[in-house]
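Asks: Need coordinates for the following:
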Amino acid sequence: MTLAPERPTTARHHLHHTWRASVTVNPGNGRPDLAVALRAGLTVLATFAILAAAGHRELAGFAALGAIVAVYGRLADPVARLTVVGAAGILQVAAIAAASGAGWALASTGSATVETWAVPVILGLVAALACAGTALLRTGPPGATLVVFAAAAGLTAPASAAGIGTRTLATAVGAVLALVVAAVAAGPTARSRLRDRTPLLPARPPVPAWHAEALRCGAGSLVAGVLAQAVGLGHPGWAAVGATAVLLGTSRRHVVVRALHRGAGTAVGAVLAWLVLDAHLSFWALAVLVAALQVVTELIVVRNYALAMLTITPMALLMTSLAGPVDAGTLAADRAVDTLLGVAVGVVVVLLLPFRERARHAPATARS
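Replies: Purely as a prediction, here's the structure:
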């Protein structure tokens, strides 16, 4: 009797495929990736220029959070991209306004305890609502991650109530500029369709199932933020962002791969960010560098997420530094440790909660 060869154990099989997926470099999308990269980089750079001309360089980071919505709709129809960028811009501006208002209100209570423990609760709620909102508005990747990052930035209390409005306005300037750039790119296609009397917009895709994902992202963000606060980490918002980013995976294996990518890439990227921050570059040098990092990010993020984190991490920390002086070493260390905690929580949550795999219709990217 011939015995069938022994099949590999399930655990070994999963580990093998997870490792292969982690080190795979995908081919990308060619010219569409380059177009997205250039649009995003130019939008961010133009936003910095507008804020500098207005005499509000300290708000350039918030403006960049609005401008970064230019990355949504990577593979969408040029005209449909307008609706995607517009929807993402609305969510981003709303997140900054609501979070800045909450941050100011919490600071006004005078209670450090209330402020400390309310932050992760707010982030958990934002993560759940952002997942639902990006699904209902069909924004596609990078989904809720940027919205949670914006909320984490906004929760740093403004100096006064007026600061809520100035932050919101700065973010809106960036978002509107991203919409204008998308409109210019969509112009030739729109004119052609109007001339040919064909539908201006293609059929909208169905709304994806979002309830379970919103629950996972909300729970992961909440737990990550609470743990970060409990152990005294400097930026619980980054832990919440890390959990949200990995929980947007389309399968349990994809979540684990994203966690490996984000954790390892952030750890190395934080060292690079430390070196750049410690150089104390001028505003315009930072502006050009952030725009360049944005271009490089969009070229590689669909190829390998870990490699993209090498540019995403410095970009996020440089944007943070625009609000005022920072301790480079502490900021970089906080980013790395908070993110590692967040991705670990994300993996645990996805293993404990029900998970229904979904098809990957577009490159699953994330930022911040």
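Asks: what's stretch 217-226 in contact with?
Replies: With CB atoms under 8 Å, 6 or more residues apart in numbering as the test, stretch 217-226 has contacts from 117, 119-121, 123-128, 130-131, 144, 148, 236-237, 239-244, 246-248, 341-342, 345-346, 349-350, 353. (Each C-beta comes from the backbone N, C-alpha and C, glycine too.)
Asks: now do stretch 323-340
Replies: 58-59, 61, 156, 228, 233-239, 241-242, 262-263, 266-267, 270-271, 273-274, 277-278, 313, 316-317, 320-321.
Asks: measure the closest residue in space to residue 357 that isn't next to it in sequence to residue 350 for me?
Replies: Distance criterion CB to CB, 6 or more residues apart in numbering; nearest residue to residue 357, sequence neighbours excluded, is residue 251 at 4.3 Å. Here the criterion is CB to CB, to the nearest Å. By it, residue 251 lies 9 Å from residue 350.
Asks: Of those two, give the one with the bigger neighbour count.
Replies: For the pair residue 251 and residue 350, the greater number of neighbours falls to residue 350 (24 against 15), based on other CB atoms under 10 Å.
Asks: The more buried one contacts residue 247, correct?
Replies: Yes - using CB atoms under 8 Å, residue 350 makes contact with residue 247 at a distance of 6.2 Å.
Asks: so what sits against both of the two?
Replies: Counting by CB under 8 Å, 6+ apart, the residues touching both residue 350 and residue 247 are 216, 220, 255.
Asks: just those residues now: which is nearest residue 93?
Replies: residue 220 (24.4 Å; CB to CB).
Asks: Tell me which residues of the helix or strand that closest one falls within come out buried.
Replies: Counting by DSSP states H and E, the element that carries residue 220 is helix 211-230. Within helix 211-230, the residues scored as buried using 16 or more other CB atoms under 10 Å are 213-228.
Asks: Could you work out the most separated pair of those residues?
Replies: 213 and 228 (21.9 Å).
Asks: Show the contacting residues for residue 269.
Replies: 309, 310, 311, 312, 313, 314.
Asks: Let me know whether residue 32 touches residue 76 as I believe.
Replies: No - under the criterion of CB under 8 Å, residue 32 makes no contact with residue 76, lying 9.9 Å away.
Asks: ok, these two, which is more surrounded?
Replies: residue 76 (22 against 13).
Asks: Tell me the confidence at the more buried one?
Replies: Residue 76 is assigned 87 on the pLDDT scale.
Asks: Could you pull up phi and psi at it?
Replies: phi -70, psi 160 (degrees, to the nearest 10).
Asks: Can you report how many residues lie near the spatially closest residue to it that is not a sequence neighbour?
Replies: Nearest residue to residue 76 in three dimensions, chain neighbours excluded: residue 84, at 5.5 Å (CB to CB, 6+ apart). Residue 84 has 21 neighbouring residues, counting by other CB under 10 Å.
Asks: how about residue 84, what does it touch?
Replies: 72, 73, 76, 137, 138, 139, 140.
Asks: and the second one, how many neighbours does it have?
Replies: Using other CB under 10 Å, the number of residues around residue 73 comes to 25.
Asks: For it, grab phi and psi.
Replies: phi 70, psi 30.
Asks: mind checking pLDDT for it?
Replies: Residue 73 is given a pLDDT of 91.
Asks: wait, it sits on residue 79?
Replies: No - with contact defined as CB under 8 Å, residue 73 does not reach residue 79; the gap is 10.2 Å.
Asks: show me the residues around the residue nearest to residue 77 when sequence neighbours are not counted that make contact.
Replies: Spatial nearest neighbour of residue 77, excluding adjacent residues (CB to CB, 6+ apart): residue 202 at 5.0 Å. Going by CB under 8 Å, 6+ apart, residue 202 touches 77, 79, 80.
Asks: Strands of the stretch 151-300 of the chain, residue ranges please.
Replies: Using DSSP state E, counting those that start in this stretch, the stretch 151-300 of the chain contains no strands.
Asks: how many neighbours does the residue nearest to residue 210 when sequence neighbours are not counted have?
Replies: In space, and not counting its chain neighbours, residue 210 is closest to residue 135: 3.5 Å by CB to CB, 6+ apart. Each residue near residue 135 was counted by other CB under 10 Å, and the total is 19.
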